[in-house]
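A.B. asks: Everything below, folded, please.
(2 chains)
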Amino acid sequence: MVLPALLTILLIALFPLVWTFWESLHLHDLRMPWLGRPFVGLTNYLDAARDPRFLGALGHTLFFAVTSVTLELVIGLWLALALNRAFRGRGLVRAAVLVPWAIPTVVSALLWRFMFEGQTGIVNSLLVQAGVLREPIVWFIQASTAWVPIILADVWKTTPFVALLLLAGLQNIDGSLYEAARIDGASAWRQFRYVTLPLLKPAILVALIFRTLDAFRVFDLVYALTGGGPGTSTEPIALYTFNALLQNLQFGYGSALSVIVFLITFGLAMVYVRFLGADLTGSRR
Amino acid sequence: MHLLVLALLLSSCAGQTDRGPIVVTFPGSSLGTEAQILNQQLARFNALHPTIRVVRRDTPDAADQRHQLYVQWLNAGASDPDILQLDAIWTPEFAAAGWILPLDQFQPDTGAFFPATIQANRWQDSLFALPWFVDVGMLYWRTDLIPAPPETLRELVRYARRAREQHRLRYGLVWQGARYEGLITNFVEYLGAYGGEILERGRVVVNSEAGRLALTEMRNEIYRDNIVPSAVLTWHEEESRFAFQNGEAAFMRNWPYAVGLMRDSSQSKVAGRFSVAAMPAGPGGRPTAALGGAQLAVNRRTESPAAAWAVIDYLTQPEQMRERARVVGQFPSRATLYEGDGLRAELGLPPATVRRVIEHAVPRPVTPVYNQISEILQIHLHRALTRQTTPAAALAAAQAEMQRLLNRVGLGTGAPTAHR
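C.D. replies: Predicted coordinates:
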């Protein structure tokens, strides 16, 4: 009875992976059928290693992942601590916090784009009124400013998710520990540092693994916000891969890029799981 | 020529008369007036040709999506759709891939069409598609603010600056500078104005004095002359049209589709107050209009090439073109239609003016790898225009990358700068 299930999993999970890998060993460009589909070994991977656009995309992805996940964790933790207190209407607030998470990414990306776009966008007029900017700026034509809406949109959208994960972790902490700490005269900071943080570590790690893996595969947000521009200076690997594979129909090279993206995220997941697993078995009791 | 078609038809359907009409499929838009006019014309064709029945296949309106769909179908060897509606830049790609039939066997009267539109559809001495309608990049100008259209790029800058100051306009000139195909068409016009080219047979020549002058001019219009807003670097056609039709700009570079929309005074503030001209020339070049538009081709796998050709022949007849001009504002690709005042009512512009612009039309590089070349150039142009690099460095990098691509796929003639 296990066999059919196993076969299904193999077929669904493994087959596309193996096929993509096989494809990545060929020169296969749908738009140049006269080149045929010759086996080229690892050429596509070597090309990727020397492709400045791909290396750039790798750097952008790393930058995006580190910046956005850091912000999300810090703000998410703060939000979780606030929501963990007992106050009137707590249920309502907890539900309301999730609204950004519930909005489809493309929709929220477009919302952010409207806010930042043009010289009359709301962000420009607010910043000019507040005296932060002397005149409106075009956010999307400079790499440094084009990142701002991308990271803001991601933080806005996924912080609630992080907060919720951490809130679940907070509620698992035994209240008597805080009582004991208070009796021993521990300040709020020391309670946080020596009770909350260590016991919250598993939840933090879970949030971290989810968010980093998501951030590494970021696609729709950038696609809708900047399209990877100006030039290619905000282009993440997923967008470049999409471009090679589905826009340019370079099946061989695009598959090689997909395999690289897969290996990176898989490697990250392995690191986290090992880390997380050790923590779960080691720190309990 | 009609006789020939008829003869071909008769021979191809001789054995099929008892099995009902030959079905031919035609991919087209399913939306708006575009779909309406197409349906009408196809229905008329069906009524005239009892042995053939044309059926419309719904295809996406967005060019990229349509292209992707075609490539997947044709790679799989599909014989449906029998007829393909191609963008101006796809013909060489589809011809080189062996996906479409040479049309010379049907003896189309190519002499009646604008030469550039025929040139864009030739690959290795054969004609592979027939131009259905023409798109050209034009300079829209405000007749109430400017006495006459500029003859040179320098005049354009001067007029734009003066109009901006005197009439408190927000912008002098607007064009399309986002990183997409439209940027290439804008660049092609500035490049032609300085006498440059992107590709010369198998050799990339964009990194030339003319190329640097053209790209520098575009950059200067934004950052030095202050006539073009830096926001154009995120703009497509519609953003420019909104700015121009709201009366915010003295000049606009855009395609013909905007004419009809801006003549509608219920949404346009410039109805009756604008005209068009060719984009002006700079020193060493000539006025240049990027060529776009739709072409009709026959799927090589079709089972009824003669019937497919009969449809194309019908759709590209003067009456059908004139009707399209009237209903959807598309410019006919037959030069002869612009003689006299016949088209004035349909176009909403003097036919002679439109004809002059179309005569300046230049195809974008005619190569099977146009899309790939364009993508490389888009990125480097956009980097230069957003001041991430200099025009000279951007063009040098673009040229090297484009030449490398051509050589790799066996289309280059080996420029000395290209190594792999």
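
A.B. asks: Show me which strand runs longest in chain B.
C.D. replies: strand B:289-298 (DSSP state E).

A.B. asks: Those residues of chain A touching chain B, which are they?
C.D. replies: A:29-35, A:53, A:117-119, A:138, A:140-143, A:227-233, A:246-249 (CB under 8 Å from any CB of the partner chain). Any C-beta I mention is one placed from the backbone N, CA and C, and that applies to glycine too.

A.B. asks: let's see it at 10 Å
C.D. replies: A:27, A:29-35, A:52-53, A:113, A:117-120, A:136-143, A:146, A:226-233, A:235, A:243, A:246-251 (CB under 10 Å from any CB of the partner chain).

A.B. asks: Would you mind writing the PyMOL command to select the buried ones in the residues you listed?
C.D. replies: Buried residues within these, by 16 or more other CB atoms under 10 Å in any protein chain shown, are selected in PyMOL with:
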select buried, chain A and resi 27+29+30+31+32+33+53+113+117+118+136+137+138+139+140+141+142+143+146+226+227+228+229+230+231+232+233+235+243+247+248+249+250+251
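
A.B. asks: As a check, name the ranges of all helices in the stretch 51-200 of chain A.
C.D. replies: Under the criterion DSSP state H, counting those that start in this stretch, helices of the stretch 51-200 of chain A are mapped to A:52-84, A:90-97, A:99-102, A:105-116, A:122-129, A:143-171, A:175-183, A:188-191, A:197-216.

A.B. asks: Can you say which of these is packed in most?
C.D. replies: Ranked by mean neighbour count, the helices of the stretch 51-200 of chain A are led by helix A:143-171 with a mean of 20 (mean count of other CB atoms under 10 Å in any protein chain shown).

A.B. asks: Which strands or helices does that helix pack on?
C.D. replies: With contacts defined as 3 or more CB pairs under 10 Å, 6 or more residues apart in numbering or on different chains; DSSP states H and E, helix A:143-171 has these neighbours: helix A:52-84, helix A:90-97, helix A:99-102, helix A:105-116, helix A:122-129, helix A:197-216, helix A:220-225.

A.B. asks: Serialize the ones you listed to TSV and add fields for mean pLDDT.
C.D. replies: Converted to TSV, the helices and strands packed on helix A:143-171 look like this (pLDDT from 0 to 100):
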stretch	mean pLDDT
helix A:52-84	95
helix A:90-97	87
helix A:99-102	91
helix A:105-116	93
helix A:122-129	92
helix A:197-216	90
helix A:220-225	94
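
A.B. asks: Out of these, which gets nearest to residue B:198?
C.D. replies: Comparison of those against residue B:198 by CB to CB identifies helix A:52-84 as nearest, at 20.1 Å.

A.B. asks: now the angle from the closest one to helix A:197-216?
C.D. replies: 140 degrees (axes from the mean of the first three to the mean of the last three CA atoms, to 10 degrees).

A.B. asks: What helices and strands are in contact with helix A:52-84?
C.D. replies: helix A:43-49, helix A:90-97, helix A:143-171, helix A:197-216, helix A:220-225, helix A:237-242, helix A:251-282, helix B:391-408.

A.B. asks: Any chance you could list what contacts the second one?
C.D. replies: For helix A:90-97, the external contacting residues (CB atoms under 10 Å, 6 or more residues apart in numbering or on different chains) are A:79-80, A:82-84, A:87, A:89, A:102, A:159-161, A:163-164, A:167.

A.B. asks: Dump that helix to PDB, restricted to CA.
C.D. replies: Presented in PDB, the C-alpha positions along helix A:90-97 are these (Å, rounded to 0.1, in the frame of the first residue of the first chain):
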ATOM      1  CA  ARG A  90      -7.000  41.600  20.900                       C
ATOM      2  CA  GLY A  91      -8.700  39.000  18.600                       C
ATOM      3  CA  LEU A  92      -9.700  41.700  16.200                       C
ATOM      4  CA  VAL A  93      -6.300  43.300  16.100                       C
ATOM      5  CA  ARG A  94      -4.700  39.900  15.600                       C
ATOM      6  CA  ALA A  95      -6.900  39.200  12.600                       C
ATOM      7  CA  ALA A  96      -6.400  42.800  11.200                       C
ATOM      8  CA  VAL A  97      -2.600  42.300  11.300                       C
END
